[in-house]
Every structure is written in C-alpha cells, then in structure tokens.
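Peer 1: Make a model of this:
(2 chains)
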Amino acid sequence: MIEVDNVSKIFKIPHERTKTLFHKLTGIFGPKYSFEEFYAVRNVSLKVDDGEFVGIIGKNGSGKTTLLRLISKILEPTNGKINVKGEIAPFLEIGLGFHIDFTTRENVFINGTLLGFSRKEIKKRFNEIIEFAGLENFVDTKLNKLSAGMQVRLAFSIAIQSEAPILIVDEVLAVGDLIFQKKCKDVFWKYKNEGRTVLFVSHDMKLIKEYCDRVIIMHNGSIVNQGNPDDMITCYQDKYLK
Amino acid sequence: MKDFKKYLNILREIALTDFRLKYHDSALGYFWSLLNPIAQFLVLHFVFSYLFVTQVPKFTFYLLSGIVFWSFFYDATLSSMNSIYSKSSLAKRIYFPRNLIIFSSTLTALISFCINTVILWIVVIVFDHYSVNQFLIIIPFISIIFLSIGVAFIISTFYIYFRDSIQIWLVCLNVGFWLTPIVYNALDAPLPLKMVALLNPLGRILIMLRSFLVFNDFPSLELIITTLMFSILIFVFGFWLFNKHSSKIVEFF
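Peer 2: Alright, predicted model coming up:
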C-alpha cells in the first residue's frame, strides 16, 4: 500500500549558479544570492491499495517522475509524508550500474545486486534471465560488443525478476523489437494477475487503457483529476493536450 | 535486517566493481597502482639520503611505512570525493543509504592498503627484524581507517555543495604531506612544525606505527588512547554530518 499525504517537493532554481566555494566567497561582495522556488510536486495526496494497477499520465515536466522518485525514497519530500508498506522495486531506469568493459555475466551480477538480489538468488535465476533476453550466445561477451537493443533487453530481463510486491514503472515497457515487447507485456499481465501493486507512468495511452484500474492526471505538479482509464484519457486529451 | 544484508551486498558489489575497474582486472593493474608511491619513495629516499642527509635512524623503513599509510589516507579521501560525482547517477535511480558511496570508495582503497601493509611488514621482517610488538600495528592500522573514512565523510559533505572543494582538498593534501612527519622525525623538527606534527592525528598514528613496526619500542599509552579515540570521534562526526546532508546529492548533481 502506498499513502502519499499532502506532499510537495520544491527545487531551488538559482538565478546565478554558485556551485563553487570561490563564487560563494566572492559573492559576499557582489549581488545577493537569489533563487526561485519551483514546485515540482505540489500538495499531492494519493492512496494506492494493494493489488491496484494505477497509471499516471501528464505532459513532460508535470511532476510524474519526481513523484515516483519521492515514493521510491530517492528524493525527500519538502513537505508532507509518504508511507509505503512493502518492498518497492523501482523500474525508473533500467540497466543500473552496467559497465561496458565487463561481460554479460558479470553485468547480470552487478545489476542484480543493485536491484537487491543476493548472489545466490542471481545464480538461481541466471539461465532464466539470459533466456528471456535471448542472449544465450553472448554470455561471456563484453557488453560493449552487444547492440544497444540487446543491452536494453538484458537490463529488462534482470529487472523483471524482482519479487517485490510494489513496482514503480517509468516508461520502460516499450523496449526492444515487437517480439520482445510482447514478452514484456505478458510479464506485466502476470504481475497484474499475481495481485502486485503497480504504479505506472506512460505516454502510451493504449498501454494505460490495457492495464490500469485507475488513472491519475498530473498537471504542473498537482493531481488534477483521477478516475477510470477511458474517462481520464478523454479528459487528458481534451483538456491538457491542447 | 533483510535491508541491512541487501545494502551490504550493494556495498560489496560497488567496491569490487570499482576495484576491478581501477586495476583492469589484472594483477599487473595492481602493480601499476604501486608505481606512484614507489616513485615517491625512491625520490624522497634519494633526496634525504644524499642531498639533505637525514638523521632519522632506519630511514628506509621509516619512510616506506610513512608513505604506505599516507597513500591510503590520500586515496581514500580523494576517491570518496570523486565518487560523490561518479555515483550520483546511481543514487538518482535507486534508493540505498547514501553513506554507502563513501564506504564503498574507502573499501576500494582499503583493499590495496591491506595488501600494501602486508608487503611493508614482510619487507621489514626480511630486511630488518621481527618482533612480537609488530602485531600491534593493528592499532595504527585501525586508527587510520577510522580517521580516513571520517575525513572522507567531512570533505565529501563539502563537495556536495561546492565543486571546487576538490581543488582545495588537493592543496590541503599537498601541504599536509609536509605537516605530517613522513620524511622527518617530529621530535627533531623546529618548534612550530614539531607542535603541528605532534598534534596532527595522522602524525600521531605514524609515530605509533614506527614505534611498533620499525623501532621495536612502545609509545606512551596516552598517545595510543587519545589517537584512537580522536580517530573514532572524527569518524562519528563525519558520519553524522554526511548523513545530515546526503539527501542533497540527488538534487545537486
């Protein structure tokens, strides 16, 4: 269960960039340090029940990713409280910690560990990961010899091994060729049928319609509307995409 | 508890990956990393044996032990600062306690430090002497680890806010090398330098180290206790300071 209670996240956007001590010291004699407060997320309250598949839609810069990062504990909220019961697997970006100088096998272990698996667990799932990614012939090839598509497939195959009850997905479903995309879609149906909680950001309205039980529209950092997918997609396209 | 194990796994994996990247996965890579301290040792040894002849007894071992310990302090603090930048992209993508960034980079430096210390000890045993007292180098060894990680935490906190603190720290290291009794004996130094060298926690650690390893005698108990306590204190303070500010890493990088 995810409970977001009146959360805001303010980023300070400086008018002048003072990223060095030198600037700060010389700045004492110069004009005053000033900044603008930018609300990336403003007074958002949200409750996601166990087993719900919730979609978030909104334009670029509407605060979707910031909200996901706040829920994943990567960012700390400026105001408000976030309460998450259960382990979270963030799919905010895949291919975490990949090093092109290491082989596929080594990268599976590095990435898997960062995602929270122990070495033993990875060993157990290793064949499954490689098979899903379709990289049986490239297990001991260095990653820089793999195509970009192959790397993404590998990353995705590791990420979906997660057994966490809560998944936070940021626009990563549409990777690889059509055959791989079909495989990914099946995996997400499996998640849905297993009753896992998924928070899902996408610009692909077809996917939103296909999976989500409930859809939230974000605009300028706030939740402006929520409800069933069909209504929300119509509302979003009519009101906010113009 | 489960989380703790998970984070321990992450720590190990980051440190090992960095270690392997640094040494290109080869034993030769490790020897390359020794090149710089060895060159430093040879140059200083030449200068203080032939140009400005030093009065320090057993100068070779005195200097070698100083350089091994100094190199760890240098590596650990500098690589921690760098790792804030290099690991910030990781921090933006997953949650883990941010202090793991510092722990992993000091752990990477610690791996080579352990190897170097063993080599140093072997060199002393083979070319000089062996005594049971030498096992006590574990005290300066532990002290410098606490001190280095503590200092790494403190300067890395500065680095989160000010990008040029790395240049400033390089200057501090440069000056610090000469304010620490690495090539000279603190007790022989002229007064102001003597004071600095004796109050400098790194200098006190080196005095302990040389007593146990090279001179086969025992420094005062007071020196041992205060130095160890001070190192732990710096560690605790640095840890607290860094944790207080570490959430800013994701926002500022």
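Peer 1: Check whether B:Ser246 really touches B:Leu100, as I assumed.
Peer 2: No: in this structure B:Ser246 lies outside contact range of B:Leu100 using Cβ atoms under 8 Å: 9.9 Å. Yep, even glycine has a C-beta here, placed from its N, CA and C like the rest.
Peer 1: Next, show the common contact partners of the two.
Peer 2: Residues touching both B:Ser246 and B:Leu100 (Cβ atoms under 8 Å, 6 or more residues apart in numbering or on different chains): there are none.
Peer 1: contacting residues around B:Thr226?
Peer 2: Per Cβ under 8 Å, 6+ apart, neighbours of B:Thr226: B:Arg204.
Peer 1: three-state assignment of it?
Peer 2: helix (DSSP: H, G, I helix; E, B strand; the rest coil).
Peer 1: what's the spacing between it and A:Gly61?
Peer 2: 55 Å (Cβ to Cβ, to the nearest Å).
Peer 1: Please apply the same query to A:Ile74.
Peer 2: 18 Å.
Peer 1: Quick one: the helices in the chain, in order.
Peer 2: By default, I'm working from chain A. Remark: helices assigned in chain A by DSSP state H are A:21-27, A:64-71, A:104-114, A:119-133, A:148-159, A:178-193, A:205-211, A:229-235.
Peer 1: if you could check chain B rather than the one you did, that'd help
Peer 2: Taking DSSP H as the criterion, chain B carries its helices at B:2-22, B:27-46, B:59-86, B:88-93, B:99-127, B:138-161, B:165-179, B:191-199, B:201-210, B:221-245, B:248-252.
Peer 1: tell me the most buried of those?
Peer 2: helix B:201-210 (a mean of 24; mean count of other Cβ atoms under 10 Å in any protein chain shown).
Peer 1: quick one, phi psi at the closest residue to A:Arg125 other than its chain neighbours?
Peer 2: Leaving aside its chain neighbours, A:Arg125 sits nearest to A:Gln161 (5.2 Å; criterion: Cβ to Cβ, 6 or more residues apart in numbering or on different chains). When quoted as degrees, to the nearest 10, the phi and psi of A:Gln161 stand at phi -70, psi -10.
Peer 1: Show the contacting residues for A:Gln161.
Peer 2: Contacts for A:Gln161 (Cβ under 8 Å, 6+ apart) come out as A:112, A:115, A:117, A:125, A:128-129.
Peer 1: okay, among these, which ones form the most distant pair?
Peer 2: A:Leu115 and A:Glu128 (14.7 Å; Cβ to Cβ).
Peer 1: Those two - which one has more neighbours?
Peer 2: Comparing A:Leu115 with A:Glu128 by other Cβ atoms under 10 Å in any protein chain shown, the one with more neighbours is A:Leu115, at 22 against 12.
Peer 1: Verify the stated contact: the more buried one with A:Ala159.
Peer 2: Yes: assessed by Cβ under 8 Å, A:Leu115 is found in contact with A:Ala159 at 6.5 Å.
Peer 1: which parts of chain A sit against chain B?
Peer 2: Within reach of chain B by Cβ under 8 Å from any Cβ of the partner chain, chain A has these residues: A:11, A:19-22, A:24, A:69, A:72-76, A:88, A:90, A:92-93, A:96-97, A:99, A:101-102, A:109-110, A:113-119.
Peer 1: run the last query once more with 6 Å
Peer 2: Applying Cβ under 6 Å from any Cβ of the partner chain, one finds that chain A approaches chain B through A:19-22, A:72-76, A:92-93, A:96, A:110, A:113-114, A:116, A:118.
Peer 1: No further queries at this time; thank you.
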